[in-house]
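> Structure for the following, please:
(one chain, ligands or ions: 1)
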Amino acid sequence: MSSHIAAEAARRRTFAVISHPDAGKSTITEALALYGRAISSAGAVHGKGDRKGVVSDWMSMEQDRGISITSAALQFEYRGCVVNLLDTPGHADFSEDTYRVLTAVDAAVMLLDAAKGLEPQTLKLFEVCRARRIPVITFINKWDRPAKDALELIEEIETRIGIKPTPVTWPVGVGGEFRGVIERVGFGEEADGRRVTGPQVPGMVRYERSPGGQQLATAEFLDEASAIAQFGPDYERAQEESELLSEVEADFDPKTFESGQTTPTLFGAALVHFGVGQLLDLLVDIAPSPFSRDDAKGQPRDLEDGFSGFVFKSQANMNASHRDQLAFIRVCSGRFERGMQVTQAQGKRTMSTKYAQTLFGSARDTVDEAWPGDIVGLVNATGLSVGDTIYTGRAVEYPPLPAFAPEHFGALQMHDTSKAKRFRRGIAQLDAEGVVQVLYSERRGEATPVLAAVGPLQFEVTVARLQAEFDVPATIDHLPFQLARLTDAEGAQRLRTAPGVEVFTRPRDGAHLVALPNKYRIQTIVNDYPGLVLEPLLAGGQG
Ligand SMILES: Nc1nc2c(ncn2[C@@H]2O[C@H](COP(=O)(O)OP(=O)(O)OP(=O)(O)O)[C@@H](O)[C@H]2O)c(=O)[nH]1
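Now for the predicted structure:
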């Protein structure tokens, strides 16, 4: 049995595509799903083409704005591997959600827009991956449009991010002349049918888009003579640049990829599927499979131990006709079996897993069993909050998920006191989901919670959901704070009457937070209150 668990884990690849908004995340997700045969034609994932089943109000808000707020996982088999692709929201205001998804993956695909290069969200996300030691594959997208110079892009990544790109493909032509790529590693078949990243074969892969772009593009290998005959100068230039890369040691190296020092890089155009097949092959070949995760005490939980997993996302009322609550679990060890009784580590209570599902976009399927690396959605998992661990057998508790440094603060005002109970329930629900951080101050009391967010759209979602799901009208008064620091109970007491700042407690973990108008105030506070404990909550990191 246990070697079965190891074998199932070894063939899992669990990753997320991350990017600055608009780089093409939804487009590449759909293309990957096409390659994985999870869908049969473009327009099915994300419901961008067909959004049936999406009914709740705040989802219509997402629809109005054309942004993705929800996250879930798409699973398909490819070349004997089980690929779990976790969706992440596009808008930077929901980056907290994206960061939480990154706790549940073993690798990430960073998507760059070829014309824009590094954008603010790209920098932050690379930083988070580095901090969490998540290996990153980079895909430079939209190469079918006017783009920055390829070598300049590579240099920009290395100098600004400090992670060295090791291109595994190199483009032949750009924009309307983008014809294909040189494969700088072998994507060839091995005797047992598995592809491996082996030595380079001279020549190139020529892409041909499918009529209408609904089906897969074709990729045909051309030997060197044919490549020169068909694409002479573009091919030769690509060859020269590729050699230059080898001279500066920008060749793929599995060890430095896994340790996060290098990022294997591909060029392509997700819209016409160019390069997407190679991306999927690369993921299968080089992305790490699930490994023993450390618990809160730093002890690794063996993959073959009893079932365990943690909630990285929780969401209620995704479907108004069901009014259910889904908790998304990343399986970390053992075998999950639908119907098994599991223990919730935080509350030490047991619960049933009768209703387990996979979910992506608007499609749901029942899951009967799952293995390390898989994502399971538990329906009606009331009482499970983001960050909670569930397990069978030997007890385990995974580390709490990172809470991010808020930059926006607002007092939530509820105007209909007859709905106080519902209001409290709604706030607790949204806090458990991690939609916003909920804080309380002694001064304002329980009736007026203060919301802290990474981006202001989180406030809008909170207000919209309170109205739609709890029938509670509420408004937000923005507060003049831009950052927060952690303090201890004594610090909280000392700062109670300090001017220009406000002290809060965070019920989620009992932490004491000081909200400040700007970073200069930190200095004056430190001067005015000698010995005060004041610690940063890491921005975009682990704090
Ligand atoms: N020319 C070209 N356009 C692309 C390519 N990939 C994506 N696009 C276009 O870029 C735009 C943004 O693509 P999306 O896939 O919606 O981007 P996203 O990153 O998911 O955006 P969010 O949902 O806001 O995060 C769309 O108009 C796509 O059609 C590509 O390879 N080439």
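> Name the spans of this protein whose pLDDT lies under the cut-off.
Filtered on pLDDT under 70, the chain yields the residue ranges 1-2, 38-72, 90-94, 188-199, 212-214, 317-324, 354-366, 538-543.
> which residues in the stretch 351-500 of the chain form helices?
Under the criterion DSSP state H, counting those that start in this stretch, the stretch 351-500 of the chain carries helices at the ranges 420-433, 457-470, 489-494.
> Quick one, which of these gets closest to the ligand.
Closest of the helices of the stretch 351-500 of the chain to the ligand is helix 457-470, at 12.1 Å (criterion: Cβ to the nearest ligand atom). Every C-beta, even on glycine, is put in place using the N, C-alpha and C of the backbone.
> Wait, a strand at Ala229?
No - going by DSSP: H, G, I helix; E, B strand; the rest coil, the assignment for Ala229 is helix, not a strand.
> quick one, what contacts the residue nearest to Asp223 when sequence neighbours are not counted?
Using Cβ to Cβ, 6 or more residues apart in numbering and skipping residues adjacent in sequence, the residue nearest Asp223 is Gly203, 4.4 Å away. Gly203 makes contact with Ile182, Phe221, Leu222, Asp223, Glu224, Ser226, Ala227, according to Cβ atoms under 8 Å, 6 or more residues apart in numbering.
> which residues in the stretch 351-500 of the chain form strands?
Assigned by DSSP state E, counting those that start in this stretch, the stretch 351-500 of the chain shows strands spanning 356-360, 363-366, 369-370, 375-379, 389-391, 408-414, 437-439, 450-453, 474-479, 483-487.
> Out of these, which gets nearest to the ligand?
Each of the strands of the stretch 351-500 of the chain was checked against the ligand via Cβ to the nearest ligand atom, and the shortest separation belongs to strand 356-360, namely 14.2 Å.
> Does Val109 belong to a helix, a strand or coil?
Three-state assignment for Val109 (three-state DSSP): strand.
> Quick check: bridge partners of it?
As for beta bridges, Val109 partners with Val17, Ile137 under DSSP bridges.
> before we move on, what about Trp170?
As assigned using DSSP bridges, the partners bridged with Trp170 are Ile182.
> distance between the ends of stretch 171-178?
Length of stretch 171-178, first residue to last, Cα to Cα, to the nearest Å: 7 Å.
> is that stretch anywhere near the ligand?
No - judged by Cβ under 6 Å from any ligand atom, stretch 171-178 makes no contact with the ligand; its nearest approach is 9.5 Å.
> Begin at 390 from now on, thanks
Sure, I'll start numbering at 390, so the last one becomes stretch 560-567.
> List the contacts of that stretch.
Taking Cβ under 8 Å, 6+ apart as the criterion, the residues outside stretch 560-567 that touch it are 503, 532-536, 539, 568-571, 593, 596, 616, 620, 623-624, 627, 656, 658, 663.
> So which bits of it are buried?
Counting neighbours by 16 or more other Cβ atoms under 10 Å, one finds that the buried residues in stretch 560-567 are Pro560, Val561, Gly562, Val563, Phe567.
> any chance of those residues in JSON lines, plus secondary structure and distance to Lys513?
Converted to JSON lines, these look like this (DSSP: H, G, I helix; E, B strand; the rest coil; distance: Cβ to Cβ, whole Å):
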{"residue": "Pro560", "secondary structure": "strand", "distance to Lys513": "27"}
{"residue": "Val561", "secondary structure": "strand", "distance to Lys513": "32"}
{"residue": "Gly562", "secondary structure": "coil", "distance to Lys513": "32"}
{"residue": "Val563", "secondary structure": "coil", "distance to Lys513": "28"}
{"residue": "Phe567", "secondary structure": "coil", "distance to Lys513": "29"}
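> Mind putting the helices of the stretch 740-889 of the chain into JSON lines with distance to Ser741 and mean neighbour count?
As requested, the helices of the stretch 740-889 of the chain are exported to JSON lines (distance: least, Cβ to Cβ, whole Å; neighbours: other Cβ atoms under 10 Å):
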{"stretch": "helix 809-822", "distance to Ser741": "19", "mean neighbour count": "18"}
{"stretch": "helix 846-859", "distance to Ser741": "24", "mean neighbour count": "20"}
{"stretch": "helix 878-883", "distance to Ser741": "39", "mean neighbour count": "15"}
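> closest to Ser635 out of the ones you listed?
helix 846-859 (44.8 Å; Cβ to Cβ).
> just the CA coordinates of that closest one, formatted as PDB?
The C-alpha atoms that make up helix 846-859 are tabulated as PDB, following Å, rounded to 0.1, in the frame of the first residue of the first chain:
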ATOM      1  CA  LEU A 846     -11.200  45.600  -4.200                       C
ATOM      2  CA  GLN A 847     -11.200  43.200  -1.300                       C
ATOM      3  CA  PHE A 848     -13.400  45.800   0.500                       C
ATOM      4  CA  GLU A 849     -15.800  45.900  -2.400                       C
ATOM      5  CA  VAL A 850     -16.100  42.100  -2.400                       C
ATOM      6  CA  THR A 851     -16.700  42.100   1.300                       C
ATOM      7  CA  VAL A 852     -19.500  44.700   1.000                       C
ATOM      8  CA  ALA A 853     -21.000  43.000  -2.000                       C
ATOM      9  CA  ARG A 854     -21.000  39.600  -0.400                       C
ATOM     10  CA  LEU A 855     -22.500  40.900   2.900                       C
ATOM     11  CA  GLN A 856     -25.300  42.200   0.900                       C
ATOM     12  CA  ALA A 857     -25.800  39.300  -1.400                       C
ATOM     13  CA  GLU A 858     -25.300  36.400   1.000                       C
ATOM     14  CA  PHE A 859     -26.300  37.800   4.300                       C
END
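> Now that Ala821 has come up, it's in contact with Val775, right?
Yes - the pair Ala821 and Val775 qualifies as a contact (Cβ atoms under 8 Å) at a distance of 6.7 Å.
> Mutual contacts of the two, please.
Any residue near both Ala821 and Val775 by Cβ under 8 Å, 6+ apart counts here, and that gives Ser703.
> near the ligand, which residues of this protein?
Going by Cβ under 6 Å from any ligand atom, the residues of the chain near the ligand are 408, 410-416, 456-457, 479, 530-531, 533-534, 658-660.
> Kindly write the PyMOL command that selects the buried subset of these.
Selection of buried members from the residues of the chain next to the ligand for PyMOL, criterion 16+ other Cβ under 10 Å:
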select buried, resi 408+411+412+413+414+415+416+456+457+479+530+531+533+658+659+660
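> Please narrow the residues of the chain next to the ligand to those residing in helices.
Residues from these lying in helices, with DSSP state H as the criterion: Lys414, Ser415, Thr416.
> Most neighbours of all the contacts of Gly592, which one?
Ala616 (25 neighbours; other Cβ atoms under 10 Å).
> I figured it hits Tyr624, correct?
Yes - counting by Cβ under 8 Å, Tyr624 is a contact partner of Ala616 at 4.6 Å.
> Now do the shared contacts for these two.
Shared contacts of Ala616 and Tyr624, defined by Cβ under 8 Å, 6+ apart, are found at Val561, Met593.
> hmm, back to that, mind putting the ones in helices among the residues of the chain next to the ligand into CSV with distance to Ala398?
Output for these, formatted as CSV (distance: Cβ to Cβ, whole Å):
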residue, distance to Ala398
Lys414, 27
Ser415, 29
Thr416, 30
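> ranges for the strands of the stretch 590-739 of the chain?
Taking DSSP E, counting those that start in this stretch to define them, one finds strands in the stretch 590-739 of the chain at 593-597, 607-611, 651-656, 682-683, 689-690, 697-705, 714-722, 725-726, 730-733, 738-741.
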